[in-house]
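[1] I'll drop the sequence and a predicted model, then ask my questions.
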Amino acid sequence: MPSSLPSIERARPLLGTTVAVRVHGLDEKDAHHAIDDAFQEIALIHRLMSFHEPDSDLSRLNRDAADRAVEVHAATFEVLKLAEEMSQLSGGCFDITVAPQLVALGMLAAPDSRREPDPQATWRDVVLEPNCRVRFQRPLWIDLGGIAKGYAVDRAMEILRARGAVQACVNAGGDLRIHGPDSERVLLTPGEFRGDSLPVLEVENAAVASSGSAQPHADSPSAPHFDGRSRQSVSKGGFVSVLAQHCVTADALTKVALALQEHSEPLLRRIGASAHLYDSERGWRHLGI
Amino acid sequence: MRGQFLLLPLASVAIVAPAHATVYLTVDQAQQLLFPGAEFVADNRMITPEQEREIERASGISVRNRTLNLWRVSTGGWFIVDQVIGRHDNIPYAIGLDTDGSVRGIEILEYRESYGGQIREPLWRAQFIGKRHGAALTLKRDIQNISGATLSCRHIADGVKRLLATHAFVIAEH
């Protein structure tokens, strides 16, 4: 690590959490510019994919896409494409059309939509057309909460890398990506502490995302996630941290690993990721690569 | 990509970030980032009980501290340093307001919220144990990042709401 240059870290409230960006290997002015642009990119992703902002791409889709094709920003389209891939790979366990279940639980406010969502609708009803156009085959509501945060982290990291950051970290409330030649340690916090040791992932050029809690009924700050097939909450699955190349993958895979538990092993291996599950009864279990 | 799961014995770990607050920016640095090249004149205000009631009525957020740490910006606008109470500790942050009271930017100055209550005590203990054993580890070996259940930033959002009302009733009118 070039020691003559400072390590600069800043944080802002974004994506409904606190986002910290740390850069090493740039002079102070360039580092601040790069961090400014990284925050701006995250704010853009937030504006495009917010469930509550009435002008977001997501709100426009939930309002109109069942009636006609809606053109969205290339970033929104890319996230929808990644979500579709994850739904395919996970056999429908990962599904962005579970928003009505989140609304029913009071986790999300009902969107301004003329039509009630069709209970039969699934991810297969989200049709991605050329030129960033999106159409729903049935009335449905999508929520990108399970994937957009990881995507925003990746986009921010791309900016820091393009600006020449040697070592960098983007951490959106625990969903993070680390770039650079040095390995860094990430402390995993399942919400319960036992024994005389700390669970840590030592990573290099990788992303880590976490979901759930060792005590799902305790006062947990995390929103519940739903299995797209059963439409049941996966919060009983305990806590998981997923390690993957990209944060968007790690973010999405946390929900899949909580829902599928040991059955997520083949998918994790195929994607080149690992899942580290924890619950009070069984302690730590490790799946994937 | 490379990654390895480890269970580190508490006694061998020197915790950097969790046990100490992460200091992101000084007040001076935040001022220059939000208003590059500007000069700042301190203009602290005392919020009167009447203003306090107006702020609370308009924002729905209680005023915990009646001292307003305010700076007048030479290029126009205002700079405020405020604190909100997170889950365990105060979170100091800075906000830049344009002349019309719209938010120009927010920077968190320090953060001590990165870890949950359950793990907090052992971490402090770990730090103590590390010291007692004279563990001197390089920065690279320390824990710099935390991944767990997402923390909400609602307390900061509430603070911003309160400051926007404060602008309306304390700064703009006087």
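    In hand now; what should we look at?
[2] contacts, neighbours, all on C-alpha from now
    Fine.
[3] List the residues that contact the nearest residue to residue A:233 once chain neighbours are set aside.
    Spatial nearest neighbour of residue A:233, chain neighbours left out: residue A:226 (4.3 Å); criterion: Cα to Cα, 6 or more residues apart in numbering or on different chains. Listed by Cα atoms under 8 Å, 6 or more residues apart in numbering or on different chains, the contact set of residue A:226 reads A:98, A:101, A:232, A:233, A:234, A:255, A:259.
[4] List the contacts of the third one.
    Applying Cα under 8 Å, 6+ apart, we find residue A:232 in contact with residue A:226.
[5] Quick check on it: phi, psi?
    Backbone torsions of residue A:232, given as degrees, to the nearest 10, read phi -100, psi 150.
[6] Show the pLDDT at it.
    The score at residue A:232 is 81. That number is its pLDDT.
[7] What parts of the stretch 51-200 of chain A come near chain B?
    A:171, A:173-176, A:182-193, A:196-200 (Cα under 8 Å from any Cα of the partner chain).
[8] same thing but at 7 Å, please
    Residues of the stretch 51-200 of chain A that fall close to chain B, judged by Cα under 7 Å from any Cα of the partner chain: A:173-175, A:184-193, A:196-200.
[9] how about the helices of chain B, start to end?
    For chain B, the helices defined by DSSP state H cover B:27-34, B:49-59, B:117-132, B:154-166.
[10] show me where pLDDT drops low in chain A?
    A:1-3, A:193-196, A:216-224, A:235 (pLDDT under 70).
[11] Which of the residues of the stretch 51-200 of chain A next to chain B fall within strands?
    Judged by DSSP state E, strands contain the following of those: A:175, A:184, A:185, A:186, A:187, A:188, A:189, A:197, A:198, A:199, A:200.
[12] Residue 158: neighbour count?
    The chain I'm using is chain A. 14 (other Cα atoms under 10 Å in any protein chain shown).
[13] Switch to chain B, please.
    The burial count for residue B:158: 16, using other Cα under 10 Å.
[14] ok, now residue A:88?
    Number of residues near residue A:88 (other Cα under 10 Å) recorded here: 15.
[15] how close does it sit to chain B?
    24 Å (Cα to the nearest Cα, to the nearest Å).
[16] could you flag which of the contacts of residue A:226 are buried?
    With burial judged by 16 or more other Cα atoms under 10 Å in any protein chain shown, the buried subset of those is A:98, A:101, A:233, A:234, A:255, A:259.
[17] Now do the same contact list for residue 47.
    In the absence of a named chain, chain A is used. Listed by Cα atoms under 7 Å, 6 or more residues apart in numbering or on different chains, the contact set of residue A:47 reads residue A:56.
[18] Sorry, I should have been clearer: chain B.
    Per Cα under 7 Å, 6+ apart, neighbours of residue B:47: B:66, B:67, B:68.
[19] Which residue is the nearest non-sequential neighbour of residue A:9?
    Nearest non-adjacent residue to residue A:9, counting by Cα to Cα, 6+ apart: residue A:22, 4.0 Å away.
[20] My guess is the one you found contacts residue A:169. True?
    Yes - counting by Cα atoms under 7 Å, residue A:22 touches residue A:169, with 5.1 Å between them.
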